[in-house]
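In: just a sequence and a predicted model for now, questions to come.
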There are 4 protein chains.
Amino acid sequence: MRDAVVSCALLAAVTSFSYPCQAQNPGSSDADEARIEDVITASHILTNEGILDSFGHVSARSAKNPDHFFMPRAMPPALVSRADIVEVGLDCKPVDPNAPRLNGERYIHCEVYKARSDVQSVIHTHDLAVIPFGLTGISLKPVLAQAGFLPPEVPLFEVREANASEPENKRGMLVLNAILGDALAKKLGTGPVVLMRGHGETVVGRSVREATVRTLYTHIDAQAQSAALALSPKITTLNDAELATNAAENFDADRPWQNYKQRLPAGR
Amino acid sequence: MRDAVVSCALLAAVTSFSYPCQAQNPGSSDADEARIEDVITASHILTNEGILDSFGHVSARSAKNPDHFFMPRAMPPALVSRADIVEVGLDCKPVDPNAPRLNGERYIHCEVYKARSDVQSVIHTHDLAVIPFGLTGISLKPVLAQAGFLPPEVPLFEVREANASEPENKRGMLVLNAILGDALAKKLGTGPVVLMRGHGETVVGRSVREATVRTLYTHIDAQAQSAALALSPKITTLNDAELATNAAENFDADRPWQNYKQRLPAGR
Amino acid sequence: MRDAVVSCALLAAVTSFSYPCQAQNPGSSDADEARIEDVITASHILTNEGILDSFGHVSARSAKNPDHFFMPRAMPPALVSRADIVEVGLDCKPVDPNAPRLNGERYIHCEVYKARSDVQSVIHTHDLAVIPFGLTGISLKPVLAQAGFLPPEVPLFEVREANASEPENKRGMLVLNAILGDALAKKLGTGPVVLMRGHGETVVGRSVREATVRTLYTHIDAQAQSAALALSPKITTLNDAELATNAAENFDADRPWQNYKQRLPAGR
Amino acid sequence: MRDAVVSCALLAAVTSFSYPCQAQNPGSSDADEARIEDVITASHILTNEGILDSFGHVSARSAKNPDHFFMPRAMPPALVSRADIVEVGLDCKPVDPNAPRLNGERYIHCEVYKARSDVQSVIHTHDLAVIPFGLTGISLKPVLAQAGFLPPEVPLFEVREANASEPENKRGMLVLNAILGDALAKKLGTGPVVLMRGHGETVVGRSVREATVRTLYTHIDAQAQSAALALSPKITTLNDAELATNAAENFDADRPWQNYKQRLPAGR
């Protein structure tokens, strides 16, 4: 993780763009408190922008203990505050056995953190802007300069395939166990986003802020692609050179974070 | 009704999900006051989310006298308060002959309560998200994990058929008498929702909160299906296994109720 | 005009629905002050609902002098207050020669009041919900129970036809003189609404409240029809029996007026 | 520039419409302060209307020194205040070498000011209403009376063409140097707006207010055209006579400026 911080600062120096290099001391409790504060702010920002609804959740890996992560108890993200944050192990059990009830879908987080050591934050949403892509099988693609972080086609998780090995009496759509969480993590692969048919998406980042801004621009990109497809089936998407260049040059995560944070109603 | 409460608590214990099992003493006045309070809150929530407009109404069956129900007088749902609630018999007449003017469409409520002893709450809306389905005859279907309570195709009430037996001088679209109310209840059948062509929908539940949350997720499901159909005519809907599993597992009505309630402007 | 008031009260008594029968003393200054107050409130309501923009205007015929009407000076409708109301003659000149600058399109109002003695209020908007119908030539039709006041097809004013007799150097789209205003009034005919290609609409009523509520439900009907046409080209519109019955039974203008008024931000 | 001011006042006198003829003393510091104040207000207005996001920028040419212009430092436009305004030369370097970090895309502004001596203000947005036109290659056209300032087809900047002469390792979509800025200015030509594929638009005006109002009505026109195309591929656009007449007659920039300014939340 120290490596990631260094390369991030280096990249920022070279390109004169700012990157989400959190100036935190990895491994300290203070770093964890800063991450928890960002989890809370991200929950409020994504609710305020209509991306998180009554459900959905934001988590951050612990800087002090990378086998733990922090996520809110089962509750609407709009209402999350410090007292609602639970420390969870990668076995998906709360560190404190007396912790309040957790989200049934915490397996999304456990399995992604297990599979991806680079990931410091996981966000699960029911974003209505991306759901039509999963329902139709039409690929979500990067069409905007700010979506250069996306792969040429965002992968789609079909829970029915993962459920094929499940017992007959349990074939729902939620990711309620490690088998389904692992299947989702495999579909995510090394990318930033995986769509979930009839359900939403899971987004990851090297920091809470990066995961949040990726969630916001996945939302905006999906809106732009849908609106363009309503006009014509033939649209121009980012080509390889644009993807490579824009992923590096366009992502000043601090500016959207600052902007969307100031949009929060007073008192949040 | 006592049976319903028991099985609801049992279900919650078994599945570790919470259900809309109102901890009310059936048959008491306190239970009725709690239901009335929920009718008022539901009126405000559904207005705040743009689902109820100047018209539309929420009602609750009386816990003390199941042959009565409570609904607001004829007025915009945004403005409903305790003083506006009228107790109405299943004959669709107010219990108090001096009650204020009632909604002309109260027959929706009377006839559904008569036909469905399991129903504790009825909601009628002009939701613009569902109306396009009725206008085109395209079936509204469950496409989201949270819409597992819907049947594979939501039934559509065509008032013209019900009006065939009406006198020539009265062939409007409103449900202004018991004949039309009964025809609507028959089309609803044993389900949670019936669409009404050119008009809106009627939603029922085992509690005001359940009916409210079903109204909210019918709205969201309709938005998702419309947006998907704008991209492609071929969409994936919930299959039987998903419907069966998700109806049970995905409905924590308390969380959306809590979430949409906190979204109300201060003072409501 | 006294006749209109009587028949309106009679209709309300017979049907048990309330009608926009303003309890005003026709011919008095007080009646005019009440109409002016409604012009101001309607300007704020229609702005608040996104139907009036920086332009657009609401007017009311004078009860005291039916050859005069009241409309705001040239200004954004959101900001209109009592001091901005100008009394205008049917010759489209302000009664007070020192009146502030008037809207260039006041000819819409003059010519409609001249042509339609039943009309007590005229509203001109740039409503984006109706504009697509004018741009494509697809007819706006009543599809909702609350739109029973609309004719089977809302007429469309094509300014190019009216401009055919204009001098070469003046062929714009605005209704800036009596010739164009008269052509618009002819297209309106005896109906409640006329669309204007690439521009908006003009709506009339027997009171400011009725014209306002018609403007609101024309907007909602247009939204519903557009959304339905996005799903399928084949939609069900109100038939003759429904139009006849719903025009009478569904129009309680007071309830939407009350509802949309309470939605205004505090201080309006 | 004195010429422009005179002809503008003359035009207003002749037509009885008001024009964006800023009553400023060209060449004075006071004129520059007035322009800077308008840059700040325009940044807030366009954010409040959802046209500017976390990025995007408004600038004004200096009245005192036409080889300089004023734009905010790199920051979200919602938060811009007087202290954030930087004076920049047409070489795209800040006049004060200690100025805060500037937007990477300031080359849009430098090159347009160089190419167009009539332009006093430049606005760059990521407006989602115009982006679908760039993604599909469908031409944005004037369809509304208020869009008479647009050409029959708004030009589209394809950054790939401009990038053809760029070194292999830098083929992104942002306008980060003078070569790309110059190519964009050439595509803009003598017009008011140029679209940018997958990115947004650049709008210019003879004043900040005119550029702002043009940005607002380009947005509204794009919404109307998109909604019409969703109903039918065949739409009516403004013809030459309408464009010529409406460009002159419909543009009272003061009224929309005043209207959109009063919509800002209190404290802005």
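Out: Cool, the structure landed.
In: report pLDDT for residue A:170.
Out: Confidence at residue A:170, expressed as pLDDT, is 72.
In: actually, residue A:227.
Out: 98.
In: just the helices in chain A please.
Out: Using DSSP state H, the helices of chain A run over A:2-15, A:29-48, A:107-115, A:131-136, A:159-162, A:178-188, A:208-231, A:240-249, A:254-262.
In: now do the longest one and helix B:208-231, the angle between them.
Out: Taking axes from the mean of the first three to the mean of the last three Cα atoms, to 10 degrees, one finds that helix A:208-231 is oriented at 60 degrees with respect to helix B:208-231.
In: count of residues packed around the nearest residue to residue A:156 once chain neighbours are set aside?
Out: Ranked by Cβ to Cβ, 6 or more residues apart in numbering or on different chains and with sequence neighbours excluded, the top spatial neighbour of residue A:156 is residue A:195, at 4.7 Å. C-beta coordinates here come from the backbone N, C-alpha and C atoms, glycine included. Applying other Cβ atoms under 10 Å in any protein chain shown, we find 25 residues neighbouring residue A:195.
In: just the CA coordinates of stretch A:102-111, formatted as CSV?
Out: What follows is stretch A:102-111 as a C-alpha-only set of coordinates in CSV (Å, rounded to 0.1, in the frame of the first residue of the first chain):
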residue,chain,number,x,y,z
LEU,A,102,-25.1,-6.0,9.1
ASN,A,103,-26.2,-5.8,5.5
GLY,A,104,-27.0,-9.2,4.1
GLU,A,105,-25.0,-8.3,1.0
ARG,A,106,-21.7,-7.6,2.9
TYR,A,107,-20.3,-10.6,1.0
ILE,A,108,-19.8,-8.3,-2.0
HIS,A,109,-17.3,-6.4,0.1
CYS,A,110,-15.5,-9.4,1.7
GLU,A,111,-15.0,-11.2,-1.5
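In: list the buried ones in it?
Out: By 16 or more other Cβ atoms under 10 Å in any protein chain shown, the buried positions in stretch A:102-111 come out as A:102, A:103, A:104, A:105, A:106, A:107, A:108, A:109, A:110, A:111.
In: what separates the last one from residue C:138, distance-wise?
Out: Separation of residue A:111 from residue C:138 (Cβ to Cβ, to the nearest Å) stands at 50 Å.
In: what do you get for the second one?
Out: Summarising the geometry, the distance separating residue A:103 from residue C:138, computed by Cβ to Cβ, is 47 Å.
In: now the fifth one
Out: In this structure, residue A:106 lies at 50 Å from residue C:138, with Cβ to Cβ as the measure.
In: same check, this time on the fourth one
Out: Residue A:105 is 45 Å from residue C:138, where distance means Cβ to Cβ.
In: kindly report the same for residue A:235.
Out: Separation of residue A:235 from residue C:138 (Cβ to Cβ): 25 Å.
In: the residue lying closest to residue A:84 once chain neighbours are set aside pairs with what?
Out: Nearest residue to residue A:84, sequence neighbours excluded (Cβ to Cβ, 6+ apart): residue A:72, at 4.7 Å. Beta bridges link residue A:72 to residue A:85 when assigned by DSSP bridges.
In: so who does residue A:72 touch?
Out: Contact analysis of residue A:72 by Cβ atoms under 8 Å, 6 or more residues apart in numbering or on different chains lists A:39, A:43, A:57, A:58, A:80, A:84, A:85, A:86, A:103.
In: let's see 10 Å
Out: Contact analysis of residue A:72 by Cβ atoms under 10 Å, 6 or more residues apart in numbering or on different chains lists A:36, A:39-40, A:43, A:57-59, A:79-86, A:100, A:102-103.
In: residue A:139 now?
Out: Shown in contact with residue A:139 (Cβ under 10 Å, 6+ apart): A:133, A:151, A:152, A:153, A:154, A:155, A:156, A:195, A:225, A:237.
In: tally up the residues packed near the first one, please.
Out: Right, residue A:133. The local packing of residue A:133 (other Cβ under 10 Å) involves 25 other residues.
In: doesn't residue A:155 make contact with it?
Out: No. Using Cβ atoms under 10 Å, residue A:133 is not in contact with residue A:155, being 11.0 Å away.
In: find residues that contact each of these two.
Out: Taking Cβ under 10 Å, 6+ apart as the contact rule, residue A:133 and residue A:155 both touch A:139, A:140, A:195.
In: if we only consider those, which is nearest to chain C?
Out: Closest to chain C out of those is residue A:140 (20.5 Å), distances taken as Cβ to the nearest Cβ.
In: look up how far residue A:152 lies from that closest one.
Out: Per Cβ to Cβ, residue A:140 is found 10 Å from residue A:152.
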